[in-house]
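*Asks:* 3D, please:
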Amino acid sequence: MTGATPWYLASVILLFGSLVPALLLASRHGPVDRLVGLSLGGSVAVLTGLLLTQAYGQPSYLIVPFVLAVLAVTGVLVYTRLLGPQ
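*Replies:* I've put the predicted structure just below:
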């Protein structure tokens, strides 16, 4: 494995620049803000996975972000259903 590439740098910046606010939203505020934090966290995790796949140069690693994208959308839909009127 070689030294740091721009893909590693982009993934670290994205991870720390966006995942921290998503975690704060998902853990400290009301239900709607938690939903936004969950959605933002899923999007950031998928994008970070795609950037790391590009950094490692292994196309077989693409399955992880793709599955995570489906699960993130499903989690947001389930959480939205639970927030709806009873």
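*Asks:* Give me the next element, helix or strand, following the worst-scoring helix or strand of the chain on mean pLDDT.
*Replies:* Within the chain, confidence by mean pLDDT, DSSP states H and E is lowest for helix 6-28 among all helices and strands, at a mean of 84. Later in the chain than helix 6-28, the nearest helix or strand by DSSP states H and E is helix 31-56.
*Asks:* Only the buried residues of that following helix, if you could.
*Replies:* Residues of helix 31-56 classed as buried under the neighbour-count rule (16 or more other Cβ atoms under 10 Å) are 34-35, 37-55. To be clear about C-beta, it is placed using only N, CA and C from the backbone, and glycine gets the same treatment.
*Asks:* Kindly report the same for stretch 66-79.
*Replies:* Applying a neighbour-count criterion of 16+ other Cβ under 10 Å, the buried positions in stretch 66-79 are Leu68, Ala69, Ala72, Val76.
*Asks:* tell me the angle whichever helix or strand the last one is part of makes with helix 31-56.
*Replies:* If I follow you right, that is Val76. Val76 is part of helix 63-83, with elements assigned from DSSP H and E. Between helix 63-83 and helix 31-56, the angle comes out at 180 degrees (axes from the mean of the first three to the mean of the last three Cα atoms, to 10 degrees).
*Asks:* Which elements pack onto helix 63-83?
*Replies:* Based on contacts counted as 3 or more Cβ pairs under 8 Å, 6 or more residues apart in numbering; DSSP states H and E, the elements that helix 63-83 packs against are helix 31-56.
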